[in-house]
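J.: next input, structure requested:
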Amino acid sequence: AVSLSVGYQVRWESRLEAANSKANEEISGSATDRNTDAETAALLMARKKSEMLERSDQQGATGGAENRQTVRPPEIPDSKHPAAKLSSVSAQKQTDTTVKEGGPANAGTTVSGVIPELTDSEELKLEDMRSAQKEIRSQLSGVLEHFGAPIRYAFAYGSGVYKQAGYGADSKPMVDMIFAVSHPDHWHALNISQNRAHYSFMGTMGSNAVTFVQDRMGAGVYYNPFVELNGVVIKYGVVSMDTLSSDLLNWDTLYLAGRMHKPTLTLRRDPLMRISKQVNLTHAVRAALLMLPKNFAVSELFRTIASLSFAGDFRMKIGGENPNKVHNIVEAQMPLFKTRYSSIIEGLPNLEFIGQELLQQDMNPKARASMLRKMPNNFYDQLVRQGRKSGAKLPPGLGAETVNTERLVSMGNIDTLANKAIESIVARPALTQSVKGILSSGLSKSISYMYAKNSKYRAVS
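T.: Next comes the predicted model:
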């Protein structure tokens, strides 16, 4: 059995190496079509690596035969899939590709060698942040070890991990964590058996009921808040690998993809998620460019990116979130934003630095239309809908994409339309996810959570 397992792994490693080689050849070559084989090859490579890692994890996981189910990672996109509309598979590859956002019309635009460098104070701040990250990562890694059910990918985010401007040094908010798992139903069955106290009354109804609520309501995430482990109070959300990957690539809800536009702390890595994250960050930059003028400050770009996940969120309108949250996040985490996005900014051919903290984008309609066509289909569809509401004549059908994108980017209110498109994606999942919190957390914990959120920002307003 051992020899068969080793042989199986060697065969897959050989195939992965071939896929990786093809990806490198395509990316560094002269491909000009936005639906390149390199993207598919790279995603295939990551998918298979993820599959192999999962099999390895499952061999040591509790759960017997149930844990040996066939792995169902996200399907590899064909040329018609939204994920195939990407211009690159990662920020590292973007600097090597010859694909131009605007094609021949963009030939005069070059990318400056200047990237958003850190100031001396930001360098010191980044060192302090990285030192704090090591401590937090060590503590949260201990939290992960508590769970017997297999976790494929995990990260932490929010003010419990990265400080926000306006909050005191003694403030210790709850730490938000996300666990991406392969089979939520089986995961919850194991976790309810081990950690029944983490669940509300839903736990008594069993894993099938919990998974039904997770998948059918909101954004596909099931949260258990106010859980104290390893000396830290956490709120952990469980999501399927399929759901998370799809949101990163396709912006289905922007619930988790939007949170991952901001700095996050990876606790358990996965090859597929590494690529999907970079795709998501590139989408965020392009969406922000549609909302920004020709010249703008780096800080303005990051504030626009950070605001995407809050657009349409009803909590911002009813006082459930700090109205200054976007400003507070970017101000306190500027060094992290710069390191997170610098290679993406450098790799986009329609964007260049005209000063240390000032950027300029190519406003040529063909270049901007080409950029728009690389965005997720869900965003494009919502943008078309908003354009029609504004009176634009945008014909239906896939064949009209080129005409529609050029007409949309030429509209004087494209920034407003893009923002409304984001709002239409975010609004419903944000609302239903909050309603779901009453089921997943229980009424008392939900009230405590909302009170804590309100008290936290009112104390610094």
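
J.: which residues of the stretch 1-150 of the chain score low on pLDDT?
T.: Across the stretch 1-150 of the chain, the stretches falling below the confidence threshold (pLDDT under 70) are 1-116.

J.: what is the subsequent helix or strand relative to the one helix or strand residue 145 maps to?
T.: Assigning secondary structure by DSSP states H and E places residue 145 in helix 120-146. Using DSSP H and E, the helix or strand that directly follows helix 120-146 along the chain is strand 153-157.

J.: and the strands in the stretch 201-350 of the chain?
T.: Taking DSSP state E, counting those that start in this stretch as the criterion, the stretch 201-350 of the chain contains strands spanning 222-229, 232-240, 264-268, 295-297.

J.: may I see the ones you listed organised as JSON lines, with distance to residue 340 and mean pLDDT added?
T.: The way it works is simple: take the backbone N, C-alpha and C, and place the C-beta from them, glycine included. JSON lines is the format used below for the strands of the stretch 201-350 of the chain (distance: least, Cβ to Cβ, whole Å; pLDDT from 0 to 100):
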{"stretch": "strand 222-229", "distance to residue 340": "25", "mean pLDDT": "95"}
{"stretch": "strand 232-240", "distance to residue 340": "21", "mean pLDDT": "97"}
{"stretch": "strand 264-268", "distance to residue 340": "9", "mean pLDDT": "97"}
{"stretch": "strand 295-297", "distance to residue 340": "17", "mean pLDDT": "98"}
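
J.: quick one, the helix holding residue 145 and strand 153-157 angle?
T.: For the pair helix 120-146 and strand 153-157, the angle between their directions (axes from the mean of the first three to the mean of the last three Cα atoms, to 10 degrees) equals 130 degrees.

J.: in helix 120-146, what counts as buried?
T.: Of the residues in helix 120-146, those with enough neighbours to count as buried (16 or more other Cβ atoms under 10 Å) are 122, 125, 126, 129, 133, 136, 140, 143, 144.

J.: nearest to residue 408, of those residues?
T.: Taking Cβ to Cβ as the measure, residue 408 sits nearest to residue 122 out of those, at 36.4 Å.

J.: from residue 278, how far out is the closest one?
T.: In this view, residue 122 and residue 278 are 23 Å apart by Cβ to Cβ, to the nearest Å.

J.: so where is the stretch 251-400 of the chain shaky, pLDDT-wise?
T.: 314-321.

J.: recalculate using a threshold of 80.
T.: Using pLDDT under 80 as the threshold, the predicted model of the stretch 251-400 of the chain has low-confidence ranges 312-323, 398.

J.: before we move on, back to that, I'd like the strands of the stretch 201-350 of the chain as TSV, with distance to residue 158 appended.
T.: Formatted as TSV, these follow (distance: least, Cβ to Cβ, whole Å):
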stretch	distance to residue 158
strand 222-229	12
strand 232-240	9
strand 264-268	9
strand 295-297	25
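
J.: let's have these in a markdown table, adding distance to residue 359 and mean neighbour count.
T.: Listed next are the strands of the stretch 201-350 of the chain as a markdown table, based on distance: least, Cβ to Cβ, whole Å; neighbours: other Cβ atoms under 10 Å:
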| stretch | distance to residue 359 | mean neighbour count |
| --- | --- | --- |
| strand 222-229 | 37 | 20 |
| strand 232-240 | 33 | 21 |
| strand 264-268 | 24 | 18 |
| strand 295-297 | 6 | 15 |
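
J.: show me the one of those that comes nearest residue 309.
T.: Ranking the strands of the stretch 201-350 of the chain by proximity to residue 309 (Cβ to Cβ) places strand 264-268 first, at 12.1 Å.

J.: by contact count, what packs against the closest one?
T.: Packed against strand 264-268, as judged by 3 or more Cβ pairs under 8 Å, 6 or more residues apart in numbering; DSSP states H and E, are the following elements: helix 120-146, strand 153-157.

J.: ok, which of the ones you listed comes nearest residue 218?
T.: Shortest separation from residue 218 across the helices and strands packed on strand 264-268 is recorded for strand 153-157, at 17.2 Å, computed as Cβ to Cβ.

J.: what comes into contact with the closest one?
T.: The contact list for strand 153-157 (Cβ atoms under 8 Å, 6 or more residues apart in numbering) reads 136, 140, 144, 175-180, 241, 244, 259-260, 262-270, 273.

J.: one step back: list just the nearest of the buried residues of helix 120-146 to residue 360.
T.: Ranked by distance to residue 360 (Cβ to Cβ), the buried residues of helix 120-146 are led by residue 122 at 22.1 Å.

J.: measure that closest one to residue 305 for me?
T.: Separation of residue 122 from residue 305 (Cβ to Cβ) stands at 18 Å.

J.: residue 289: which of the strands of the stretch 201-350 of the chain is closest?
T.: Nearest to residue 289 among the strands of the stretch 201-350 of the chain is strand 295-297; the distance by Cβ to Cβ comes to 9.0 Å.

J.: so what strands line up beside that closest one?
T.: In the sheet containing strand 295-297, its partner strands are strand 358-361 (antiparallel), by DSSP bridges.

J.: what comes up buried for the partner strand?
T.: In strand 358-361, residues buried by neighbour count (16+ other Cβ under 10 Å) are 359, 360, 361.

J.: what's the answer for stretch 189-202, then?
T.: Taking 16+ other Cβ under 10 Å as the neighbour-count basis, stretch 189-202 is seen to contain the buried residues 189, 190, 191, 192, 195, 198, 199, 200, 202.

J.: secondary structure added to these, as CSV?
T.: Formatted as CSV, the buried residues of stretch 189-202 follow (DSSP: H, G, I helix; E, B strand; the rest coil):
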residue, secondary structure
189, helix
190, helix
191, helix
192, helix
195, coil
198, helix
199, coil
200, coil
202, helix
